[in-house]
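Asker: give me a model of this one.
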Amino acid sequence: MNEFTGFWFVVVVVVCMAWIWRKLKDIETHLKERDLVQEKHNEHVSSELSGISHDAMNKEWERKFKAEQEMNEKDEP
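Answerer: A predicted model of the protein is given here:
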């Protein structure tokens, strides 16, 4: 009887370890997928911010150019 108790104890421990291993792999897979989604989101936001900053820089250059033109027109009577 004792040898069967030890055998079942080992079987239960092995099954529990296999279940825990599987859950850890599921968590690892979920975290990798979440990281990929976050990376895609970050790239999208980065490209949008880059576009916005380029637009702001272009508007600033246009404003400065127009101001310089007006100053030059006032200086040339």
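
Asker: pLDDT on stretch 43-63, on average?
Answerer: The average of the pLDDT scores along stretch 43-63 is 89.

Asker: off-centre distance for it?
Answerer: Centroid separation for stretch 43-63 versus its chain: 21 Å, with CA atoms, centre = their mean, to the nearest Å.

Asker: list the buried ones in that stretch?
Answerer: For stretch 43-63, the neighbour count (16 or more other CB atoms under 10 Å) marks no residue as buried. All C-beta atoms are positioned from the backbone trio N, CA, C, and that covers glycine.

Asker: what's the answer for stretch 19-38, then?
Answerer: When burial is assessed from 16+ other CB under 10 Å, stretch 19-38 yields no buried residues.

Asker: so how far is that stretch off the chain centroid?
Answerer: Its chain's C-alpha centre and that of stretch 19-38 lie 16 Å apart, by CA atoms, centre = their mean.

Asker: and if you look at stretch 15-25?
Answerer: Distance of stretch 15-25 from its chain centroid, counting by CA atoms, centre = their mean, is 28 Å.

Asker: alpha carbons of it, as PDB, please.
Answerer: Once non-C-alpha atoms are left out, stretch 15-25 reads as follows in PDB (Å, rounded to 0.1, in the frame of the first residue of the first chain):
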ATOM      1  CA  VAL A  15       0.700  16.800 -13.000                       C
ATOM      2  CA  CYS A  16       0.600  20.000 -10.800                       C
ATOM      3  CA  MET A  17       4.100  21.000 -12.100                       C
ATOM      4  CA  ALA A  18       2.900  20.400 -15.700                       C
ATOM      5  CA  TRP A  19      -0.200  22.500 -15.100                       C
ATOM      6  CA  ILE A  20       1.900  25.300 -13.600                       C
ATOM      7  CA  TRP A  21       4.400  25.200 -16.500                       C
ATOM      8  CA  ARG A  22       1.500  25.400 -19.000                       C
ATOM      9  CA  LYS A  23       0.000  28.400 -17.200                       C
ATOM     10  CA  LEU A  24       3.400  30.100 -17.100                       C
ATOM     11  CA  LYS A  25       3.800  29.600 -20.800                       C
END
